[in-house]
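# Need coordinates for the following:
(chains A and B)
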Amino acid sequence: KAGVTQTPRYLIKTRGQQVTLSCSPISGHRSVSWYQQTPGQGLQFLFEYFSETQRNKGNFPGRFSGRQFSNSRSEMNVSTLELGDSALYLCASSLSGFNTEAFFGQGTRLTVV
Amino acid sequence: GENVEQHPSTLSVQEGDSAVIKCTYSDSASNYFPWYKQELGKRPQLIIDIRSNVGEKKDQRIAVTLNKTAKHFSLHITETQPEDSAVYFCAASISRNDYKLSFGAGTTVTVRA
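A predicted model of the protein is given here:
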């Protein structure tokens, strides 16, 4: 079956702009999580969605938001981009969101200039 | 929230030798501990996981041990090969109401031929 798909793979944005990233989970997976990966900080949890509901949110400013659609696809949005937002954004899908294997997408590499 | 510490940050081993990576977690309610391998430019992939009702799990050259009393778990790779070179992340999941993985900072493993 198809894996987790993230689009786009690469983005270059200017400070102050906003960006929307997309994640299509594995068919049948209802939980989608988002992580920010940077060289110094590892993988930092952003938020998790299950059946269109956000169940948990990490310690990120309100500029970071997300949503999930009825087909389990998820988007995350970052408004008023800052240089420090440059990172690899990974989404992961799983059946239930806890105690089960999380499958990662290839990620979206965001560069803010 | 859960805090996961991972050591060492870098590890260089001779091909054929063993590699050991250790992680500690802070919340005794954690009950799921996966290990992910991320090769350069690729997505993190699960290599092995363990649940809190098990003390040890093996899969060919890879093993994970869990000490709930001390709140630490370790990854053991035996007979290392060049293809084992990658970044390894440990993670912990607290309970069914947390819906997230808390990751360690990662260990860069280099296997010298």
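
# going forward, measure contacts and count neighbours with C-alpha atoms only.
OK.

# which residues are contacting the helix or strand of chain B with the lowest mean pLDDT?
Comparing helices and strands within chain B by mean pLDDT, DSSP states H and E singles out strand B:102-103 as the least confident, with a mean of 93. Residues outside strand B:102-103 that contact it (Cα atoms under 8 Å, 6 or more residues apart in numbering or on different chains): A:42-45, B:2-4, B:89-93.

# Write down the beta-bridge partners of the spatially most central residue of chain A, one by one.
Nearest to the mean C-alpha position of chain A, counting by Cα atoms, centre = their mean, stands residue A:34 at 3.3 Å. The residues paired with residue A:34 through beta bridges, assigned by DSSP bridges, are residue A:47, residue A:91.

# and if you look at residue B:59?
Residue B:59 has the following beta-bridge partners by DSSP bridges: residue B:62.

# Surely it and residue B:65 touch.
No: counting by Cα atoms under 8 Å, no contact exists between residue B:59 and residue B:65, whose distance comes to 12.0 Å.

# between the two, which one's more packed in?
Residue environment comparison for residue B:59 versus residue B:65 gives the larger neighbour count to residue B:65, 19 against 10, counting by other Cα atoms under 10 Å in any protein chain shown.

# Just to be sure, that one is in a helix?
No: counting by DSSP: H, G, I helix; E, B strand; the rest coil, residue B:65 is not found in a helix; it is strand.

# Sketch out the low-pLDDT regions of chain B for me.
Counting by pLDDT under 70, the low-confidence segments of chain B come to B:95-96.

# ok, which stretches of it are strands?
If you assign secondary structure with DSSP state E, the strands in chain B sit at B:4-7, B:10-14, B:19-25, B:32-38, B:45-51, B:56-59, B:62-67, B:72-77, B:86-92, B:102-103, B:107-112.

# Equivalent analysis for chain A, please.
Remark: strands assigned in chain A by DSSP E are A:5-7, A:10-13, A:19-24, A:31-38, A:42-50, A:53-57, A:64-68, A:74-78, A:87-94, A:103-104, A:108-112.
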